[in-house]
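Enquirer: Fold the following, please.
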Amino acid sequence: MPARVPSFVNRSAELAALDRHAAEAGPGIAVVVGGPGSGKTALALHWAHRIRTQFRDGDLFVNLRGYDAGSPPSTDAVLDGFLRALNVPPGHIPADTDAKAALYRSLLAERRVLIVLDNAADAEQVRALLPGSDGCATVITSRSRLAGLTAREGAARMDLAVLPEAEATELLRMVAGSDRIDEAPSAAAELASLCGYLPLALRIAGDYLASHPFEAVIDLVEALAVEGQRLESLGDAEQAESVRAVFSWSYRGLPGEWARAFRLLGLHVGHDIDIDAAAALLAVGEGKARRILDGLAGLHLITQVGRDRFGMHDLLRAYAAELAAADDDQEEINAAATRLFQWFLHTATKAAQMLPQRRLALPDAPDPTVLPRSFDDQASALAWCELERANLVSVVRAAADRGLNMVSWQLAMQLGGFYNLRKHWNDWIAAFTIAVEAAERADEAGARAWLLTNLGIANRDLRRFEDSLEMFRRAIDVFVANGDRIGEQSARNNMGSTLLEAGRPAEALPLFQTAAQAYRDAGNRQAQGRSLSNAGTALTALGQPGEAVRTITEALELLRATDDQHGVGFTLHNLGEALLVAGDHATALEAFETALPIRINTGNLWGEARTRLGAGKALLTAVRIQEAIGELEAAQRGFEETGTPVDTARVALVLAKAYAEAGDLSAARKILFQATWLLGPTEQSLAEQLDQALTALSGR
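Expert: Predicted coordinates for the structure are as follows:
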């Protein structure tokens with residue numbers, strides 16, 4: 001929950017109404033509706049802080065950014081964040097949005113949690129975020145009336161008007177100082193009227209007076225009275241003129257550098273911005289950027305939302321964007337936007353270099369004033385990606401919208417390793433879909449094909465197999481037209497992996513074999529070895545473990561000869577799987593144990609977890625139960641960390657069996673029950689296996 005807004009005035013009737021609503025039996029949903037700048041968020045946060053101790057299990061807050069310039073967070077992303085906040089391990093979070101919502105409601109069923117859903121665009125944006133039981137309380141703020149929630153969910157709606165004159169004047173007293181306002185009560189009343197009695201405008205006007213102690217209130221009143229501009233973000237024309245006048249007067253009083261910074265901040269489409277990004281945008285050093293942003297925050301034109309991070313109210317962002325669009329020097333405006341996007345691109349590139357993924361070509365050098373952030377290790381790189389996650393898709397889109405297509409698709413490509421590692425599938429698909437179009441406009445056919453290949457992988461992870469196959473088909477068409485045999489075979493290999501995951505190994509096998517032959521003809525032994533390794537996996541799935549072992553052994557020789565440690569690691573794992581099916585459990589365990597340190601050394605967390613699962617199965621077959629449990633629990637933690645729910649469910653089946661063999665039926669049942677929440681509607685076969693295992697345990 002963010003901090004409550006300072007200088008909060010009265011709103012006694014509204015607070016009392018919220019208190020009554022929270023005390024009543026029922027769904028506990030309140031909707032606070034009001035115009036922009038009317039203080040909806042301030043009211044919700046003030047009330048939430050006042051009563052949060054009544055909710056023993058904590059509180060949840062999200063800004064849904066329904067009216068911001070940037071993209072609002074998807075329902076899937078919000079549910080993902082809420083489930084993590086409720087201590088659900090990443091690997092236990094389902095991939096399917098409906099399954100996430102069901103798990104979220106189940107977790108809240110026995111808890112008392114206060115939920116604040118701020119700045120909603122419509123009822124559909126919040127419906128999946130509502131608890132299903134009466135023990136929680138939910139407050140939603142919106143400019144929309146959200147009529148559907150009143151009818152279907154029984155929500156109580158509160159229409160928040162502008163402040164009464166007395167409270168508006170009191171807010172001016174609190175911000176500007178009581179002496180300034182009390183010595184000119186008539187002028188203060190007129191100033192409140194010119195501000196449209198909107199809290200946002202009143203705070204800005206009050207700050208102006210506080211920072212200009214020798215200027216009389218009547219001077220500001222007279223200046224505002226002649227303003228005749230409108231702010232399109234407000235629906236009411238008269239109110240718009242008043243608020244724009246306040247913004248304009250406050251802006252005109254800024255020093256030149258601060259005024260320029262305010263205009264340029266309107267170019268940032270993200271919800272907030274950090275000091276380093278702002279320094280690139282403004283083409284100044286970090287220290288100077290901090291001083292400028294601190295100054296703007298002191299005047300309530302921006303808000304400090306975290307360490308080194310600043311945000312802007314959407315009305316002020318709209319005003320700043322209009323100022324930037326009307327600036328006489330559009331060359332500077334475009335240069336500033338380019339610097340900002342370059343900062344994101346090159347910082348993302350620095351982060352990508354710390355992550356386990358295919359090494360990417362470096363983008364062209366940025367403007368000399370752009371100083372991207374550097375990272376010492378993978379943890380710090382991932383931390384930055386997570387911190388900026390809400391902004392990244394918006395930046396990919398904004399760069400494309402400004403015609404910076406190269407920056408747009410390159411930024412998406414650099415983010416691929418992060419999205420793949422953390423499994424932020426919806427962000428991955430959104431960013432890469434925009435990037436595919438940007439690469440097409442830039443006439444970068446090769447880039448478009450690789451982006452399509454990534455989209456195929458993301459859709460495969462989501463078990464959207466037909467969508468995945470379509471992406472690979474499109475990528476192959478581009479690679480073929482471009483004469484890129486390496487890219488073509490990469491897409492075919494990935495298509496084979498999708499078919500294998502979809503339970504179609506007979507269709508996957510010829511793709512792997514064709515790719516292996518093409519790589520052999522081209523003299524690419526490393527790629528040939530990887531394709532043969534995949535072919536061996538398909539043979540294992542087809543019940544031909546002997547042929548699989550021979551094929552994988554050939555692959556292993558090629559990969560060792562080319563010193564491809566990553567390839568050697570997963571090929572040893574594939575060998576272990578084939579040997580398990582062949583019934584040679586002792587040799588299979590040796591293969592897994594040889595693969596494990598390679599998986600660890602190459603930073604492949606998902607691969608490490610898979611190999612530990614294989615070793616656990618081999619140990620369980622050898623009746624080395626406690627050793628098996630140790631490996632299987634480590635595998636489960638690995639899958640949870642990488643956020644792969646289907647794999648987590650698969651290891652649950654084996655781990656439950658191990659616990660049952662050890663005589664701990666309670667632990668076995670718990671593991672299986674938790675795993676049932678992980679699967680989407682397409683995983684019926686695996687869900688049936690979990691149900692059968694639970695039924696068998698109940699019989700014991």
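Enquirer: right, and Leu580 touches Gly614 too?
Expert: Yes: using C-beta atoms under 8 Å, Leu580 makes contact with Gly614 at a distance of 7.0 Å. All C-beta spots, glycine's among them, are computed from the backbone N, C-alpha and C.
Enquirer: in stretch 54-64, what counts as buried?
Expert: Phe55, Asp59, Leu60, Phe61, Val62, Asn63, Leu64 (16 or more other C-beta atoms under 10 Å).
Enquirer: and it, how far apart are its ends?
Expert: Distance between the two ends of stretch 54-64: 25 Å, counting by C-alpha to C-alpha, to the nearest Å.
Enquirer: Distance from it to the middle of the chain?
Expert: Centre-to-centre, stretch 54-64 and its host chain are 19 Å apart (C-alpha atoms, centre = their mean, to the nearest Å).
Enquirer: likewise stretch 115-124?
Expert: Worked out by C-alpha atoms, centre = their mean, stretch 115-124 lies 17 Å from the chain centre.
Enquirer: Average pLDDT for it, rounded please.
Expert: For stretch 115-124, mean pLDDT is 91.
Enquirer: Can you pull out the residues in contact with that stretch?
Expert: For stretch 115-124, contacts defined as C-beta atoms under 8 Å, 6 or more residues apart in numbering pick out 1, 40-41, 44-45, 48, 59-68, 72, 126, 129, 131, 136-142, 144, 146-149, 314.
Enquirer: Could you do stretch 536-546 as well?
Expert: 496, 500, 505-506, 508-509, 512, 547-549, 551-552, 555, 571, 574-575, 577-579, 581-582.
Enquirer: still on that earlier bit, which ones among the buried residues of stretch 54-64 map onto strands?
Expert: Among those, the residues falling in strands (DSSP state E) are Asp59, Leu60, Phe61, Val62, Asn63.
Enquirer: Can you lay out the residues you listed as a markdown table showing pLDDT?
Expert: Output for these, formatted as a markdown table (pLDDT from 0 to 100):
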| residue | pLDDT |
| --- | --- |
| Asp59 | 94 |
| Leu60 | 96 |
| Phe61 | 96 |
| Val62 | 95 |
| Asn63 | 92 |
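Enquirer: isn't Phe82 right next to Tyr104, touching?
Expert: Yes: Phe82 lies in contact with Tyr104 (C-beta under 8 Å); the separation is 6.0 Å.
Enquirer: Could you count how many residues lie near Gln353?
Expert: 17 (other C-beta atoms under 10 Å).
Enquirer: ditto for Leu387
Expert: 13.
Enquirer: The one 4 residues further on now?
Expert: As a burial measure, Asn391 scores 21 neighbours (other C-beta under 10 Å).
Enquirer: what do you get for Glu437?
Expert: When neighbours are counted by other C-beta under 10 Å, Glu437 comes out with 15.
Enquirer: Contacts only, for it.
Expert: Ala400.
Enquirer: circling back: where do the contact lists of Leu580 and Gly614 overlap?
Expert: Ala588.
Enquirer: So if I had to pick from those two, which one is more boxed in?
Expert: Ranked by neighbour count (other C-beta under 10 Å), Leu580 and Gly614 place Gly614 first, with 28 against 21.
Enquirer: Can you give me the distance of the more buried one to Thr551?
Expert: 18 Å (C-beta to C-beta, to the nearest Å).
Enquirer: what comes up buried for the helix or strand containing Lys350?
Expert: Lys350 is part of helix 330-352, with elements assigned from DSSP states H and E. By 16+ other C-beta under 10 Å, the buried positions in helix 330-352 come out as 333, 336-352.
Enquirer: Now do the strands in the stretch 301-450 of the chain.
Expert: With strands called from DSSP state E, counting those that start in this stretch, the stretch 301-450 of the chain shows them at 303-306, 309-311.
Enquirer: By mean pLDDT, show me the worst of the ones you listed.
Expert: Among the strands of the stretch 301-450 of the chain, strand 303-306 carries the lowest mean pLDDT (a mean of 85).
Enquirer: Neighbouring strands - and their directions - for that one?
Expert: Paired neighbours of strand 303-306 in the sheet (DSSP bridges): strand 309-311 (antiparallel).
Enquirer: which residues touch Ala102?
Expert: Ala102 touches Trp677, counting by C-beta under 8 Å, 6+ apart.
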